[in-house]
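Asker: here is my input, please return the structure:
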Amino acid sequence: MSQHSPTSLLTRIKRGALWFDAWLNSALFQGGRGLAGAWDWYSDKMKGLRFRGAPRVLLDLTSEATTLGLLGGVVMLALALPAFRETEDDWLKTQDLAVTFLDRYGQEVGRRGLNLDDSYKLEDFPDYMVKAALATEDRRFYDHWGIDPIGTFRALVVNAQGGGVVQGGSSITQQLAKNLFLTNERSLERKIKEAFLAIWLEFHLTKDEILKLYLDRAYMGGGAHGVVAAAEYYFGKPAKELTLAESAMLAGLFKAPTKYAPHVNLPAA
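Answerer: Below is the predicted model:
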């Protein structure tokens, strides 16, 4: 076996290093030329796609709208998440219990707690009771998607002219969202939650189901929640026997139950 001297081995290492250096320099040079050629080709293609005049303005506006839309979507999602957390529990349950006291003959002698009766179906209510509620609270209930832009704008104009809160712009769905999930706190955060929850309700319930829940859960003064309980409390009769005048009076309670309750202020009612 032949033996290589240290000098010969060192010479070979130097030659290999020189060869690798030359190869690397050549590869980088050729790669740079390739990238430059690719960039020139790309630039030439882009020049052919340049827009001028009206198409350029339209393209810029579309690009800006897309960017703002994506940012707006992220912001809306961040605002919606706290609202949707309110729906994680059993959101249809009533918050309080009611107790009815009967004598030994089965006659009612008293009640304590929440006065609420949701046993009626929507078609069990007199037609003029339902129409009175819609006329008072949300005339476009069956046309909007949870939020009524027309009603909201009208309320803003009326309130601005009146110098205060003269008219509310919340739809029936928004009011139901407040009744089911939120409090009466007057704050921007609550209004934002209310809006998102109203849209959520519209996706999960039909219009008739939303209206039925509203007629059952709305506070109507005197501890009565809903039309059925209010009919019994104020007039001592089932809701299906309400007259047109009685229905109109109950519909007025949706706006301000403590102000317009017949036992508080009959002329106002």
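
Asker: ok, the closest residue to Asp124 other than its chain neighbours to Lys178 distance?
Answerer: With C-beta to C-beta, 6 or more residues apart in numbering as the criterion, Asp124 has its nearest non-adjacent residue at 5.6 Å, and that residue is Lys240. All C-beta spots, glycine's among them, are computed from the backbone N, C-alpha and C. The gap separating Lys240 from Lys178 is 28 Å, by C-beta to C-beta, to the nearest Å.

Asker: and the two? Which one has more around it.
Answerer: Remark: of Lys240 and Lys178, Lys178 carries more neighbours, 19 against 12, as counted by other C-beta atoms under 10 Å.

Asker: the more buried one sits in which helix or strand?
Answerer: Taking DSSP states H and E as the criterion, Lys178 maps to helix 172-181.

Asker: export that helix to CSV, keeping only CA atoms.
Answerer: These are the backbone C-alpha positions of helix 172-181, laid out as CSV (Å, rounded to 0.1, in the frame of the first residue of the first chain):
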residue,chain,number,x,y,z
ILE,A,172,-88.4,42.9,18.9
THR,A,173,-85.5,40.5,18.4
GLN,A,174,-83.1,42.9,20.1
GLN,A,175,-85.5,43.4,23.0
LEU,A,176,-85.8,39.6,23.3
ALA,A,177,-82.0,39.3,23.3
LYS,A,178,-81.8,41.8,26.1
ASN,A,179,-84.6,40.0,28.1
LEU,A,180,-83.0,36.5,27.7
PHE,A,181,-79.3,37.3,28.0
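
Asker: all further residue positions should be reported with the first residue as 779.
Answerer: That works, and once the first residue is 779, the last one we named lands at helix 950-959.

Asker: what lies in contact with that helix?
Answerer: 861, 864-865, 869-870, 911-912, 915-916, 919, 924-925, 948, 962, 968, 971-973, 975-976, 978-980, 988-989, 991-992, 995-997 (C-beta atoms under 8 Å, 6 or more residues apart in numbering).

Asker: next SSE downstream of that helix?
Answerer: Next along the chain after helix 950-959, taking DSSP H and E as the criterion, comes helix 966-982.

Asker: what are the buried residues along that following helix?
Answerer: Of all the residues in helix 966-982, those buried under the rule 16 or more other C-beta atoms under 10 Å are Arg968, Lys971, Glu972, Ala973, Phe974, Leu975, Ala976, Ile977, Trp978, Leu979, Glu980.

Asker: from these, pick the one nearest Gly1014.
Answerer: Taking C-beta to C-beta as the measure, Leu979 is the one of the buried residues of helix 966-982 closest to Gly1014, at 33.0 Å.

Asker: pull the contacting residues for that closest one.
Answerer: Applying C-beta under 8 Å, 6+ apart to Leu979 gives the contacts Gly924, Thr951, Leu954, Ala955, Leu958, Ile988.

Asker: give me the pLDDT for it.
Answerer: As summarised for this prediction, Leu979 has a pLDDT of 92.

Asker: so it versus Asn957, what's the distance?
Answerer: The value you get for Leu979 to Asn957, if C-beta to C-beta is used, is 11 Å.

Asker: related to what we said a few turns ago, now render the contacts of Leu979 as CSV, adding neighbour count.
Answerer: CSV is the format used below for the contacts of Leu979 (neighbours: other C-beta atoms under 10 Å):
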residue, neighbour count
Gly924, 22
Thr951, 29
Leu954, 26
Ala955, 28
Leu958, 19
Ile988, 21
